[in-house]
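In: Provide a 3D model corresponding to the input given below.
(2 chains)
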Number of protein chains: 2
Amino acid sequence: MTLVIDCHGHYTTAPAAHNEWRDAQKAAFKAGAEPPPYPSISDDEIRETLEKNQIRLIHERGADMTIFSPRASAMAHHVGDQKVSAAWARVNNDLIQRCVDLYPEIFAGVCMLPQSPAADLRASVEELDRCVNELGFIGCNLNPDPGGGHFNHPPLTDEYWFPIYEKMVELDVPAMIHVSGSCNPGLHATGAFYIAADTIAFMQLIEGDLFGRFPTLRFIIPHGGGAVPYHWGRYRGLADMLKQPSLDSHLMNNVFFDTCVYHQPGIDLLADVIENKNILFGSEMVGAVRGIDPTTGQYFDDTKRYVDALDISDAERRAIFEGNARRVFPRLDAQLTARGL
Amino acid sequence: MTLVIDCHGHYTTAPAAHNEWRDAQKAAFKAGAEPPPYPSISDDEIRETLEKNQIRLIHERGADMTIFSPRASAMAHHVGDQKVSAAWARVNNDLIQRCVDLYPEIFAGVCMLPQSPAADLRASVEELDRCVNELGFIGCNLNPDPGGGHFNHPPLTDEYWFPIYEKMVELDVPAMIHVSGSCNPGLHATGAFYIAADTIAFMQLIEGDLFGRFPTLRFIIPHGGGAVPYHWGRYRGLADMLKQPSLDSHLMNNVFFDTCVYHQPGIDLLADVIENKNILFGSEMVGAVRGIDPTTGQYFDDTKRYVDALDISDAERRAIFEGNARRVFPRLDAQLTARGL
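Out: Predicted coordinates for the structure are as follows:
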């Protein structure tokens, strides 16, 4: 039997008290004061937010588990400073740990990092170490534009990022490349910023040789890889023009795309042009697009249906639903193996 | 017989003297001096650059004509100031006119605009008027991020842009939404900036109601619409979440995508999810990707092959090759009709 592992879920339904604390933290920063203590949130409150939402949908849609991280759009690394970001990341990651502890068979934890535009990555390295070694997390989300929508940070191939890559390699955990909320009025977060950033990240990797330096580093580029599979000919051609190796050897041992593409033709194209070993099932549920597609009568983000409908072999489908996730997240594989799965 | 009209060609092979003048102009700006006079370029020089390149490929690939504009990556609106940009736009547009005058059956002119990051659009309105009324041009390229890669300009729905829209409506000419070179080391021009900007532009249009205000305004979003067709489910779902009308009525009477997608599966998806009335044949030739696809043995940017291979009716193919371009560019239609075509 295949496990169906959703590699891309965020805690978008966190208890109100958690979000209220964030508001208080931001107000305190503005006022030059200390934030109030983090509120007490009961297990029952957490259970309610999950059972009504993510867990209900996981069961309804026939999945088994979700790799779960803090709400991406609320990471908002551009807000405050390093200290604000560190405190916010810590309480978010601790809250994810509580979800995992309450439902260890359903959730595996992925952390947000306390990035901050003007800071180096030391705090992020420390938080990643804590989350993996103390909380049992299996990966992280890395924001390639912590400034929030003006792309002022160096490309992902720049040595600015190397400290976090070194820690990821040491811990053998992957990162999902995932921007957060936009502070740019021209960039809608989930409709423009996310998809643009995914595409930009892939092109940065084409231009450099990051995996020559870090051969075991692994990235998931979410939202079906942004525009990349649709423009796969352009990217193969640009690699050639830039005298880089073919994408297969240059990037595709290290880069993976999820299936957060919300219609059948998109998933069909993804599975057609990208080797199935590079595709991880994901839905970003409950997330960016919550409605029902009038052309199908099904939820846009019920991406399992699209994968089920692919004209591929059972072995390929198992790879997309389970095998690739276990390969990209070895710590998940170890946890599942320990549970006899 | 169908005319095959390529809606997206740039003069990427302009004579060296033209590019050398640009270098001199930039150096003069830096030095606070006046640029040298624009050089004399002979008709033969222009003929040679076109006959060896664009015209040769138009004939080899079985197209008939190209809607031709100055090299997009060299517009570089972020360089210099309004005066620099105005002078550069004028000599570029005049050079396009010379191409059209030399080969009136092969080229139709589209102008670049003298945008400049800190300026309003008055100079652009004047240049568009000159190019259409004096030079016989049929459209313009509008840069949504004249700052060159940090997306600091207001969204396309903002009234900042209204003066150029008013002039476009008055003249009944469309704009291709097209950024230029990137001054952001994280954004490769043709691999990241172009595709990101295309996607961002579409999402800006979803969020607003620009075509409620300008019902006859028409945009071509190039490079196959960026990521949009691949994520068509996401955009339909986001329009729904944002309580906007369906994309069909909200945008798709005014927005068109070209076929600059450099592999068959991408073009297949484009024609599958986007109504064929919204697709214009384009190749961006000689342009972003100049090599041969080793999987097909053909040029990546020979997009006519992909359109020829689509499983669509002859009437639909005629629309993509000719009819839609004549509808989106009424001044082209008038010119062709006057020639008995």
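In: When you work out contacts or count neighbours from here on, use the C-alpha atoms and nothing else.
Out: Noted.
In: Skipping adjacent residues, who's closest to the residue in the stretch 1-150 of chain A that chain B sits nearest to in space?
Out: Scanning the stretch 1-150 of chain A for proximity to chain B using Cα to the nearest Cα identifies residue A:150 as nearest, at 4.7 Å. Leaving aside its sequence neighbours, residue A:150 sits nearest to residue B:150 (Cα to Cα, 6 or more residues apart in numbering or on different chains; 4.7 Å).
In: residue ranges of the helices in the stretch 201-341 of chain A, please?
Out: Taking DSSP state H, counting those that start in this stretch as the test, the helices found in the stretch 201-341 of chain A are A:210-213, A:232-241, A:247-250, A:264-273, A:303-308, A:314-318, A:324-328, A:330-338.
In: out of those, nearest to residue A:47?
Out: When the helices of the stretch 201-341 of chain A are compared by Cα to Cα, helix A:330-338 sits nearest residue A:47, at 22.2 Å.
In: pLDDT (mean, whole number) over the helix or strand containing residue A:84?
Out: Residue A:84 is part of helix A:82-102, with elements assigned from DSSP states H and E. Here helix A:82-102 scores 98 as its mean pLDDT.
In: quick revisit: tabulate the helices of the stretch 201-341 of chain A in CSV, adding columns for mean neighbour count.
Out: Formatted as CSV, the helices of the stretch 201-341 of chain A follow (neighbours: other Cα atoms under 10 Å in any protein chain shown):
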stretch, mean neighbour count
helix A:210-213, 15
helix A:232-241, 22
helix A:247-250, 15
helix A:264-273, 21
helix A:303-308, 18
helix A:314-318, 16
helix A:324-328, 21
helix A:330-338, 16
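In: Can you check which of these gets nearest to residue B:303?
Out: Closest among the helices of the stretch 201-341 of chain A, using Cα to Cα: helix A:232-241, at 10.9 Å.
In: Which neighbouring elements make contact with that closest one?
Out: helix A:194-207, strand B:292-293 (3 or more Cα pairs under 8 Å, 6 or more residues apart in numbering or on different chains; DSSP states H and E).
In: wait, the residue nearest to residue A:150 sits on residue A:153?
Out: No: using Cα atoms under 8 Å, residue B:150 is not in contact with residue A:153; the gap is 10.5 Å.
In: Flag every residue of the stretch 1-150 of chain A that's near chain B.
Out: A:149-150 (Cα under 8 Å from any Cα of the partner chain).
In: Tell me where the stretch 1-150 of chain A has helices.
Out: Counting by DSSP H, counting those that start in this stretch, the helices of the stretch 1-150 of chain A are A:16-31, A:43-51, A:54-61, A:82-102, A:122-133.
In: buried set for the second one?
Out: The one in question is helix A:43-51. Along helix A:43-51, these residues count as buried under the neighbour rule (16 or more other Cα atoms under 10 Å in any protein chain shown): A:46-47, A:49-50.
In: Also the third one?
Out: Along helix A:54-61, these residues count as buried under the neighbour rule (16+ other Cα under 10 Å): A:54-55, A:57-58.
In: Output these as JSON lines; include the columns distance to residue B:117 and pLDDT.
Out: Below are the buried residues of helix A:54-61 laid out as JSON lines (distance: Cα to Cα, whole Å; pLDDT from 0 to 100):
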{"residue": "A:54", "distance to residue B:117": "45", "pLDDT": "97"}
{"residue": "A:55", "distance to residue B:117": "49", "pLDDT": "98"}
{"residue": "A:57", "distance to residue B:117": "47", "pLDDT": "96"}
{"residue": "A:58", "distance to residue B:117": "48", "pLDDT": "97"}
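In: quick one: which of those is nearest residue A:125?
Out: residue A:54 (29.1 Å).
In: who's in contact with that closest one?
Out: A:285-286 (Cα atoms under 8 Å, 6 or more residues apart in numbering or on different chains).
In: how far away is it from residue A:200?
Out: 30 Å (Cα to Cα, to the nearest Å).
In: Which one, of the helices of the stretch 201-341 of chain A, ends up nearest to residue A:144?
Out: helix A:210-213 (14.5 Å).
In: Give me the contacts around the closest one.
Out: A:157, A:217, A:250-251, A:254.
In: separation between residue A:234 and residue A:261?
Out: 20 Å.
In: From what I see, residue A:80 and residue A:29 are in contact.
Out: Yes: if you go by Cα under 8 Å, residue A:80 and residue A:29 touch, sitting 6.6 Å apart.
In: Need the residues touching each of those two.
Out: With Cα under 8 Å, 6+ apart, residue A:80 and residue A:29 have no common neighbours.
In: what does the stretch 201-341 of chain A have sitting close to chain B?
Out: A:203-204, A:226-228, A:230-235, A:237-238, A:240-241, A:261-263, A:265-266, A:269, A:272-273, A:288-293, A:300.
In: so what's residue A:183 up against?
Out: A:78, A:148-149.
In: out of those residues, who has the most neighbours?
Out: The most crowded member of the contacts of residue A:183, judged by other Cα atoms under 10 Å in any protein chain shown, is residue A:149 (27 neighbours).
In: So that residue versus residue A:124, what's the distance?
Out: 20 Å.
In: which ones are touching the residue lying closest to residue A:319 once chain neighbours are set aside?
Out: Closest residue to residue A:319 apart from its sequence neighbours, by Cα to Cα, 6+ apart: residue A:277 at 6.6 Å. Contact analysis of residue A:277 by Cα under 8 Å, 6+ apart lists A:316, A:319-320, A:324.
In: again, only this time at 10 Å
Out: By Cα atoms under 10 Å, 6 or more residues apart in numbering or on different chains, the contact set of residue A:277 is A:252-253, A:256-257, A:271, A:316-317, A:319-320, A:323-325, A:327.
In: now residue A:244
Out: A:206-209, A:236, A:238, A:250.
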